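Q: Predicted model and sequence follow; I will ask about them next.
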Amino acid sequence: MTSGMQLYSRAGMSELVELPIFVCTLVCPGLHCPLHVFEPRYRLMIRRCIENGSKRFGMCCPDESSFMDYGTVLHINSVQYTPDGRSLVSTTGERRFQVVSRGLRDGYCVAKIRFVVDDPVTAQDGIASLRTLQQETYDHAKKWFTTLPPVSQLLFHRLSCSPLPDMEGEPERCPNGPVWVWWFVNALPISSERKADLLKCTSLKERLLMLRDTLPLPSTA
């Protein structure tokens, strides 16, 4: 098993990686996630992530057993400590992963994980049609978003910690798919299970269709 920064430096690696797990919510790749860390076990976990140089941990939603089978690696951008020992942690979602096995260490969860990337798209698979589908879905989603009341639009911005990202010109080159898709997935009022389905999907075409089906058609009235 590999350790330290090597864990995250080789895209497409198939070996298992051990990762500390913060069980809290679902975070999507490419998006910022501010955390207020006050539980002693997670304060210890964050400190160890800083000390070992990885500055990374996994984030998963809780479920009936412990936590869901899919999550996202978060990179720690900065940490601010309060006088009483709490931490204000700025993180960014990086790579998706699948949980292979679970464990416990000093009160917090750990897991052996396998990274998840989108299936490669070749010319034969229809790059042109994928780009067309992305454009259609982006236009649909943006039009739906602009029909929301201003207070709902503001809530989307706050939940995703950023304005709506621009559309990528070459979506087939993104290992995790376009960030704008995750921006909508993160803020939409859908179940954690539905979001997890989108997170684990390795076909960008299917994810775009799933997102489009989730958004109601804009009114033509």
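A: Received it, and whenever you're ready, just let me know what you need. Remember, it's a predicted structure, so these values are computed and weren't measured experimentally. Numbering: from 1, shown residues only.

Q: name the helices or strands packed onto the host helix or strand of V185?
A: Taking DSSP states H and E as the definition, V185 sits inside helix 179-187. Under the contact criterion of 3 or more CB pairs under 8 Å, 6 or more residues apart in numbering; DSSP states H and E, helix 179-187 touches helix 127-146, helix 150-160, helix 192-200, helix 204-214. C-beta here means a position set from N, CA and C on the backbone, and glycine is covered the same way.

Q: so which of those helices comes closest to P29?
A: helix 192-200 (8.5 Å; CB to CB).

Q: Name the residues of the worst-scoring helix or strand of the chain on mean pLDDT that are buried.
A: Lowest by mean pLDDT, DSSP states H and E among the helices and strands of the chain is helix 150-160, with a mean of 86. Neighbour counts using 16 or more other CB atoms under 10 Å place 153, 156, 160 of helix 150-160 among the buried residues.

Q: Does the first one touch F145 like I think?
A: Yes: between Q153 and F145 there is a contact under CB atoms under 8 Å: 6.6 Å.

Q: what sits against the spatially closest residue to D197 that is not a sequence neighbour?
A: The shortest distance from D197 to any non-neighbouring residue, by CB to CB, 6 or more residues apart in numbering, is to M210 (7.2 Å). Applying CB atoms under 8 Å, 6 or more residues apart in numbering to M210 gives the contacts 197-198, 201.

Q: With distance to K55, pLDDT and neighbour count added, can I get those in a markdown table?
A: As requested, the contacts of M210 are exported to a markdown table (distance: CB to CB, whole Å; pLDDT from 0 to 100; neighbours: other CB atoms under 10 Å):
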| residue | distance to K55 | pLDDT | neighbour count |
| --- | --- | --- | --- |
| D197 | 29 | 95 | 16 |
| L198 | 26 | 95 | 23 |
| C201 | 27 | 96 | 20 |
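
Q: Adding distance to G169, write those out as a markdown table.
A: As requested, these are exported to a markdown table (distance: CB to CB, whole Å):
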| residue | distance to G169 |
| --- | --- |
| D197 | 27 |
| L198 | 22 |
| C201 | 22 |
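
Q: Dump the buried residues of helix 150-160 into JSON lines; add distance to E193 as well.
A: Below are those laid out as JSON lines (distance: CB to CB, whole Å):
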{"residue": "Q153", "distance to E193": "26"}
{"residue": "F156", "distance to E193": "21"}
{"residue": "S160", "distance to E193": "20"}
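
Q: Return the member of those residues nearest to R43.
A: Using CB to CB, these come closest to R43 at S160, 25.9 Å.

Q: Kindly provide the distance from that closest one to V89.
A: Separation of S160 from V89 (CB to CB, to the nearest Å): 17 Å.

Q: How about V117, nearest residue that isn't a chain neighbour?
A: P175 (4.5 Å).

Q: Need the residue closest to the centroid of this structure.
A: C28 (1.7 Å; CA atoms, centre = their mean).

Q: what helix or strand does that one sit in?
A: Short version, using DSSP H and E: C28 is in no helix or strand.

Q: now P163
A: With DSSP H and E as criterion, P163 is part of no helix or strand.

Q: Verify the contact between it and Q153 for me.
A: No: with contacts counted by CB under 8 Å, P163 stays clear of Q153, the gap being 9.6 Å.
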